[in-house]
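[1] quick one, structure for this:
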Amino acid sequence: MGTSTIAGVVRATCSAIWMRLKASVLPHPTRQQWLDIAQGFLERAQFPNCIGALDGEHIWVKKPPNSGSQYYNFKQFFSVVLLALADTNYRFIIVDIGSYGSTADARIFRASRMDRWLQSNQLDVPQPANLPGSTGPPAPYVVVGDEGFALSSQLMRPFPRRGLDAKRRTFNYRLSRLSVK
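    Numbering: from 1, shown residues only. Prediction:
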């Protein structure tokens, strides 16, 4: 068989496997599972109302023909990006796979279904809840990411590193403990 025939068979086979198994291998969490994930983040890093840690990873690939620099990343190799939301046990909750290596994590996230699902609450994330020991207004459940992501009502990121007071340093420290790397 020719190379293009084999490549087509492999693509079709992988697609069929994914379509058949995705609901059982990577299902959307239920509201109770989100609460369990948040409890794990609270126990592990003393960070309440966190439902996942978000980051991207570059996966080495051979330069695709006629792709120009689309797959060439800032680390100076060709890659596709695996963007994943993970729980405290480093298990994937939601993934976005296959974006060009030259694309930043934040841009991939903003263009992903994952962001659209979070924005429109299609993931059945629990309603805002009081923080432990607080009587103040309820706080939303959030995803955490690194400095590359934009702050939003669904995504927390660290404060810029310059001129931090003690409270902001503590926040950044606790946020860094949530890292999935």
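
[2] going by C-alpha atoms from here, please, whenever you check contacts or count neighbours.
    OK.

[3] how far out from the middle of the chain is the longest helix that the chain contains?
    Ordering each helix of the chain by length in residues (DSSP state H) puts helix 3-25 first. Distance, stretch centre to chain centre, for helix 3-25: 23 Å (C-alpha atoms, centre = their mean, to the nearest Å).

[4] report how many residues lie close to Arg174.
    Neighbourhood size, Arg174 [other C-alpha atoms under 10 Å]: 16.

[5] quick one: mean pLDDT over the lengthiest strand in the chain.
    In the chain, taking DSSP state E as the definition, the longest strand is strand 50-60. On average, the pLDDT along strand 50-60 is 93.

[6] using PDB, write out every CA atom in that strand.
    What follows is strand 50-60, C-alpha atoms only, in PDB (Å, rounded to 0.1, in the frame of the first residue of the first chain):
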ATOM      1  CA  CYS A  50     -11.100  25.400  41.700                       C
ATOM      2  CA  ILE A  51     -12.400  22.900  39.100                       C
ATOM      3  CA  GLY A  52      -9.300  22.400  37.100                       C
ATOM      4  CA  ALA A  53      -5.800  23.400  36.100                       C
ATOM      5  CA  LEU A  54      -5.300  24.400  32.500                       C
ATOM      6  CA  ASP A  55      -2.100  24.300  30.400                       C
ATOM      7  CA  GLY A  56      -0.800  23.500  27.000                       C
ATOM      8  CA  GLU A  57       2.000  21.100  26.000                       C
ATOM      9  CA  HIS A  58       3.900  21.000  22.700                       C
ATOM     10  CA  ILE A  59       4.000  17.600  21.100                       C
ATOM     11  CA  TRP A  60       6.900  17.100  18.700                       C
END
